[in-house]
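Peer 1: here is a sequence together with a model predicted from it:
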Amino acid sequence: EIVSESGHPWMKPASTTMPVLEIDEPKICVCPGPPEELLEIEMDEPMICGGFGGKRPANAEVQAIADKVKDAAVRRANVLLMEDAEWKAVQYSCQVVAGTNYDIDVDTGNSGFVNIKVYVDLEDNAELTTAVYKANL
């Protein structure tokens, strides 16, 4: 076994006449991030590759996702909404996987909040995974 200067192990070449090629270790790691328009938003926490980032204000795209799963979320959270109750996505965080996981806080007006977790696949199909009633954020 051959070890590079940084301590990374490399296997010996099959032939001793073949020179050992030292490969520099990568200097940066590129991780998928939020869409371009969200890059300008300052976040309280750094983005975690593979994990959920910090909560940020909801936008029209997140509201559309919350609207897609509203009926299922209300049933699962066991919430009885008034006829004129709001269903407004307030804040969210997301995690890029083979699709995107969203953690969305929805304001129902005077009925409190519902925290929903939604998986959106690469074909834009939304599936509710969790819905929990919260009196406040």
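Peer 2: Looks like it arrived, so ask away. Numbers count the residues shown, from 1 in each chain.

Peer 1: so where do the strands sit in this structure?
Peer 2: Across the chain, reading from the start of the chain, the strands by DSSP state E fall at 2-3, 9-10, 56-57, 88-97, 99-107, 113-120, 126-134.

Peer 1: flag the shaky bits of this structure, pLDDT-wise.
Peer 2: For the chain, applying pLDDT under 70 flags the ranges 1-50.

Peer 1: let's see 90
Peer 2: 1-54, 77-86, 96-98, 109-112, 134-137 (pLDDT under 90).

Peer 1: so what's the closest residue to residue 117 other than its chain neighbours up against?
Peer 2: Across the structure, with Cβ to Cβ, 6 or more residues apart in numbering as the measure, the residue nearest residue 117 apart from its sequence neighbours is residue 130 (4.1 Å). Where you see a C-beta, it was placed from the backbone N, CA and C, and this is true even at glycine. Listed by Cβ atoms under 8 Å, 6 or more residues apart in numbering, the contact set of residue 130 reads 76, 115-117.

Peer 1: I'd like those laid out as a markdown table, including neighbour count.
Peer 2: Formatted as a markdown table, the contacts of residue 130 follow (neighbours: other Cβ atoms under 10 Å):
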| residue | neighbour count |
| --- | --- |
| 76 | 17 |
| 115 | 16 |
| 116 | 26 |
| 117 | 18 |
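
Peer 1: between these, which is closest to residue 94?
Peer 2: Checking those against residue 94 by Cβ to Cβ gives residue 117 as the nearest, at 10.4 Å.

Peer 1: gap between the closest one and residue 110?
Peer 2: To residue 110, residue 117 is 24 Å away according to Cβ to Cβ, to the nearest Å.
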